[in-house]
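In: Below are the sequence and a predicted model for it; my questions follow.
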Amino acid sequence: MGLDGLINTSGSPLCFRPCSPPLLDTMSLIWKRGQLFTPAVQGFLDLLLQNFGKTE
């Protein structure tokens, strides 16, 4: 079981089959306040916040 769109399944024996009725889930990304990140991790976090918004 997984979330649709996480990986490209074209040309693969894997496929996505939606559940009926749909199962809905929320996700959270949690980190320690004041945490120092590498530039790559900080860039990833900035991209997530830019695309999905910052909520507290």
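Out: Okay, I see it. Just so we're clear, the structure is a prediction, and the values are computed from it rather than from any experiment. Numbering: from 1, shown residues only.
In: can you give me the helices for this structure?
Out: 39-52 (DSSP state H).
In: what residue ranges in it score low on pLDDT?
Out: Under the criterion pLDDT under 70, the flagged ranges of the chain are 54-56.
In: need the strands for it, in chain order.
Out: Secondary structure of the chain (DSSP state E): no strands present.
In: which residues touch L48?
Out: For L48, the contact set (C-beta atoms under 8 Å, 6 or more residues apart in numbering) comprises L29. For the C-beta atoms, the positions are set from N, CA and C on the backbone; glycine is no exception.
In: Relative to F37, how far out is it?
Out: As defined by C-beta to C-beta, to the nearest Å, L48 lies at a distance of 12 Å from F37.
In: And for S10?
Out: Taken as C-beta to C-beta, the span from S10 to F37 is 33 Å.
In: Ok, N51 next?
Out: Relative to F37, N51 is positioned 17 Å away (C-beta to C-beta).
In: Which one of these two is surrounded by more residues?
Out: More crowded of N51 and F37, by other C-beta atoms under 10 Å: F37, with 12 against 7.
In: was I right about the more buried one contacting D46?
Out: No: contact criterion C-beta atoms under 8 Å: F37 and D46 do not qualify, at 9.8 Å.
In: contact partners of stretch 27-42?
Out: So stretch 27-42 is contacted by L45, L48 (C-beta under 8 Å, 6+ apart).
In: Would you indicate which residues of that stretch are buried?
Out: When burial is assessed from 16 or more other C-beta atoms under 10 Å, stretch 27-42 yields no buried residues.
In: From start to finish, how long is that stretch in a straight line?
Out: 19 Å (C-alpha to C-alpha, to the nearest Å).
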